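1. Here is a sequence with its predicted model. Questions after.
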Amino acid sequence: MSLSTTTAQTPPPIAPPVKVRKHNHELGCPVLGCTGGDVFSPSLVVGDDSYRVALVGEALGETEAKTGKPFDGKAGFKLTRLIEWAGLKRELFDIWNVVWCRPPENKLEGTDYEQAAVEWWKPYWRPLLSRANVVVPMGNVPLCAFTGRKGILRARGYFMEGDSGLGLGGVRLLPTVHPSFIQRGQSKYSAAFIHDIQKAVGVAREGMQFETPDYLLDPSPSVAYAWAQDYRKALQDAPTIRLAYDIETPGKDEDESESDEDDPTYFIWRIGFAYEPLRALSIPWEPSYIPAIKLLLASPGEKVVWNASFDNPRIRHNGVEINGLIHDGMVAWHILHSDLPKGLGFVATFTCPFQPPWKHLSTKSPAFYNATDADVELRSFLTIETELKATGLWSVYQRDVLDLEPILVHMSRAGMPIDPAVREDRAIQLAERQRTTLDSMTALIPPEARKIEHVYANPPKVIEGLLSRQTIKKVPICSRCGHHRPRKDHFKRFVRKVNPCGEATVTLQQQEVAEFYRLQPFTPSRLQLMTYQKAVGRAIPTKWDKKEGKRKPTMDEKALRGLVVKFPLDKLYPLVLSFRELDKVAGTYIGRPTYKE
Ligand code: URA
């Protein structure tokens, strides 16, 4: 394995900002028929603390055309929020657009004037490009302006070299999605945007790490067998190492999970393996390689696969056993970021920061493509494992996904659906764990952050499980002896005896008394968590509600993860995340017990 690192050379002093200029006809864009009222300007960092990262959008919108500042309207508001969530400062980014005026009806992407408009404005980028170590094209229009191709969702998060066409040489790009895209109901991409700009700032500051993979592609069967023997030796020395594997089949569809004998995907073309980062093997699935494949997959060591329900039945169908504990990286990722896409090409941008794009190479370089898949799977899983452990979610993955795999395998091999009894048993166990998690959470909530379900007017006979507080109340007393809450017969007049209180009456006296009350059971609902935030004197997180057009309090997964980072000593937030995960696992993988509680 060789890993070379280059650090950016000391950057040249930053070029002075281009002055904000009112648009005039001389500089007008004839392509878009700009009028004198249109305005353009980049927004550039003035001081030395610049991140040296340029965030590059499409063209001015309505507000921007009025104010002359890029990203000054709705998209700009979103951009600012995203930058803040990333823990960065907007004013330290250079922000500009590839087109510096407002296109007719705000439309540029896909129009027949898109390319001409971009070309017309290119010369104006010249002074800006030398200021940035990393350029972040946001969306398809700037991506295409620098690379000549579209497909931002595939390109985002990957470093690539672009060409401005200005004869300035290569531009280091890190494309990401446009803030407006996130705003239009794709809020799950916020995490990707935040991750991308953090990565851009990191690389602009510290330089790029070039990772050189060492892949063994289509060696002879005996060399492949020797590689497998090396793995077995390494496993003996370090029994915890993981072997990642990935198969390539015709018409592979990642979402396909049904076993079907006629399915062409049951024919395996090749298989890739990796047990050390940046080292991998890819071999054809042919009889002469089967001994090596068997030696690898039959080992007792732990395995890693991406979407086990696709690869495993196909491997077994082709007569090869897989031993050892099998980790499904895709499921582990889903537990970590349930709202994000699960494809390896997407996940790699989070887990392998310097991995170049490879998903386009499946036809051109199938062996390299396959080896990269195995390598990226391994590296991704190792990162996901670390993150699951850091967020307290590893046990959820381990007990509720990993432990279930052998049962699933056994059942599907026997051609049976999962035994209902096994499922029920798992569901009961899971419900039990949810209950314990709930108890641990409840113990952490101060009474003042709990809702009161019932206040007893009179002290109840059974006070177990109730709380009491001192309060001033008007208490009925006997006007003569002061007896509390006298009953009717307290004033009874007798024939032979004198009742000293016979003439007395009931009066109300203000007194400090113990009042008993019952709390509502704690559930980690949004409202109860908001009450907790108030009780412990912490701000309630908010998020933008598109429907209502304003920010609203939230206690969603993202907000909770933010709180875990902000308040690492508070045990409640990880428990809530874990409880919700258990709930999800119960709903998605196992089911809920049928008994009524
Ligand atoms: N959208 C862009 O791409 N740029 C702006 O400046 C505003 C909205």
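-> Done, it's in.
2. how about the nearest residue to A308, chain neighbours excluded?
-> Spatially, and ignoring its direct neighbours in sequence, A308 is nearest to D328 (4.2 Å; C-beta to C-beta, 6 or more residues apart in numbering). Where C-beta positions appear, they are placed from N, C-alpha and C, glycine not excepted.
3. for the residue in the chain that the ligand sits nearest to, phi and psi?
-> Residue of the chain nearest the ligand, by C-beta to the nearest ligand atom: G57 (2.8 Å). Reported as degrees, to the nearest 10, the phi and psi values for G57 are phi -100, psi -160.
4. show me the residues around it that make contact.
-> Going by C-beta atoms under 8 Å, 6 or more residues apart in numbering, G57 touches P70, F71, A75, I95, W96, N97, V98, M138, G139, P142, H178.
5. now do 7 Å
-> P70, F71, N97, M138, G139, P142, H178 (C-beta atoms under 7 Å, 6 or more residues apart in numbering).
6. can you tell me which of those residues lies nearest to R81?
-> F71 (11.6 Å; C-beta to C-beta).
7. and the gap between that closest one and R90?
-> As judged by C-beta to C-beta, to the nearest Å, F71 and R90 stand 9 Å apart.
8. for V31, same thing?
-> For V31 relative to R90 (C-beta to C-beta), the value is 30 Å.
9. Those residues of the chain touching the ligand, which are they?
-> When proximity is defined as C-beta under 6 Å from any ligand atom, the chain approaches the ligand at G57, E58, A59, L60, G61, E64, P70, F71, A75, N97.
10. just checking, which of the residues you listed belong to strands?
-> G57, N97 (DSSP state E).
11. Filter the residues of the chain next to the ligand down to the buried ones.
-> Among these, those classed as buried by 16 or more other C-beta atoms under 10 Å are G57, E58, A59, L60, G61, E64, P70, F71, A75, N97.
12. Which ones among those map onto helices?
-> In helices, defined here by DSSP state H, the members of those are E64, A75.
13. residues contacting the residue positioned nearest the centre of the chain?
-> The chain has H337 as the residue nearest its centroid, 3.6 Å off, counting by C-alpha atoms, centre = their mean. Contact analysis of H337 by C-beta under 7 Å, 6+ apart lists A191.
14. if you set the cut-off to 10 Å instead, what comes out?
-> Counting by C-beta atoms under 10 Å, 6 or more residues apart in numbering, H337 makes contact with K188, A191, A192, V347, F350, I384, E387, E557, K558, R561.
15. Give me the three-state assignment for the closest residue to the fifth one other than its chain neighbours.
-> If I follow you right, that is F350. What sits nearest to F350 in space, not counting adjacent residues and going by C-beta to C-beta, 6+ apart, is H195, at 5.8 Å. Assigned state for H195: helix (three-state reduction, DSSP: H, G, I helix; E, B strand; the rest coil).
16. that older thread, which strand residues bridge the residue of the chain closest to the ligand?
-> Applying DSSP bridges to G57 yields these beta-bridge partners: N97.
17. Kindly state the pLDDT recorded for it?
-> Looking at G57, its pLDDT is 97.
18. still on that earlier bit, and the buried ones among the contacts of H337, selectable in ChimeraX?
-> Buried residues among the contacts of H337 (16+ other C-beta under 10 Å), as a ChimeraX selection:
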select :191,192,347,350,384,387,557,558,561
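19. longest strand in the protein, by residue count?
-> Max-length strand for the chain by DSSP E is strand 506-519.
20. Toward the C-terminus from that strand, list the very next helix or strand.
-> Remark: after strand 506-519, the chain's next helix or strand is helix 526-535, criterion DSSP states H and E.
21. Can you name every helix or strand that that next one contacts?
-> Applying 3 or more C-beta pairs under 10 Å, 6 or more residues apart in numbering; DSSP states H and E, we find helix 526-535 packed against helix 420-444, strand 550-553, helix 557-566, helix 572-585.
22. Could you give me the buried positions within the helix or strand just after it?
-> Remark: after helix 526-535, the chain's next helix or strand is strand 542-545, criterion DSSP H and E. Going by neighbour count (16+ other C-beta under 10 Å), the buried part of strand 542-545 is W544.
23. List the contacts of strand 542-545.
-> Under the criterion C-beta under 10 Å, 6+ apart, residues 77-78, 81, 182-183, 187, 190, 550-554, 556, 558-559 lie in contact with strand 542-545.
24. Scan those and report the most crowded one.
-> I182 (24 neighbours; other C-beta atoms under 10 Å).
25. I'd guessed that residue sits against F77; true?
-> No - contact criterion C-beta atoms under 10 Å: I182 and F77 do not qualify, at 11.5 Å.
26. how about the helices and strands packed on helix 526-535, which one is nearest N370?
-> Nearest to N370 among those is helix 572-585; the distance by C-beta to C-beta comes to 31.3 Å.
27. What is the distance between the host helix or strand of P313 and the centre of its chain?
-> Taking DSSP H and E as the definition, one finds P313 inside helix 308-317. On the basis of C-alpha atoms, centre = their mean, to the nearest Å, helix 308-317 is displaced by 27 Å from the centre of the chain it belongs to.
28. Got the phi and psi for the residue nearest to the centre of the chain?
-> phi -130, psi 80.
29. What does the pLDDT read for the closest residue to A155 other than its chain neighbours?
-> Nearest residue to A155 in three dimensions, chain neighbours excluded: P175, at 4.7 Å (C-beta to C-beta, 6+ apart). Here, the pLDDT recorded for P175 equals 98.
30. Give me the distance between P175 and H327.
-> For P175 relative to H327 (C-beta to C-beta), the value is 31 Å.
31. Can you pick out the residue with more neighbours from the two?
-> Legend: neighbour count by other C-beta under 10 Å for P175 and H327, higher for P175 (28 against 25).
32. Now do the contacts for that one.
-> 56, 135-140, 142-143, 146-147, 151-160, 162, 196, 200.
33. among those, which are in strands?
-> Here DSSP E is the test, and these give V56, V135, V136, P137, M160, G162 as lying in strands.
34. Can you give me the neighbour number for the residue nearest to A308?
-> Neighbours around D328, by other C-beta under 10 Å: 22.
35. which residues does it bridge with?
-> V305.
36. returning to that earlier point: using pLDDT, spot the least trustworthy of the contacts of strand 542-545.
-> Minimum pLDDT across these is recorded for S187, with 83.
37. Does that one touch K546 like I think?
-> Yes - in this structure, S187 is within contact of K546 by C-beta under 10 Å, at 8.3 Å.
38. Now do the contacts for W96.
-> 18, 40-44, 54-57, 70-71, 121, 124-125, 128, 132, 135, 142.
39. neighbours of the residue lying closest to P291 once chain neighbours are set aside, just the number please.
-> Setting aside the residues directly before and after it, P291 is nearest to Y225 in space (C-beta to C-beta, 6+ apart), at 5.9 Å. Y225 has 19 neighbouring residues, counting by other C-beta under 10 Å.
40. same deal with Q533?
-> So Q533, with other C-beta under 10 Å, has 18 neighbours.
41. Look up phi and psi at the closest residue to it other than its chain neighbours.
-> Leaving aside its sequence neighbours, Q533 sits nearest to I540 (C-beta to C-beta, 6+ apart; 4.8 Å). As for I540, its main-chain torsions (degrees, to the nearest 10) stand at phi -90, psi 130.
42. my guess is I540 contacts G562, does it?
-> No - I540 is beyond contact range of G562, at 11.6 Å (criterion: C-beta under 10 Å).
43. Which residues does the longest strand of the chain contact?
-> With C-beta under 10 Å, 6+ apart as the test, strand 506-519 has contacts from 442, 445, 447, 450-460, 463, 465-480, 482-486, 488, 490-491.
44. Brilliant, that's me finished.
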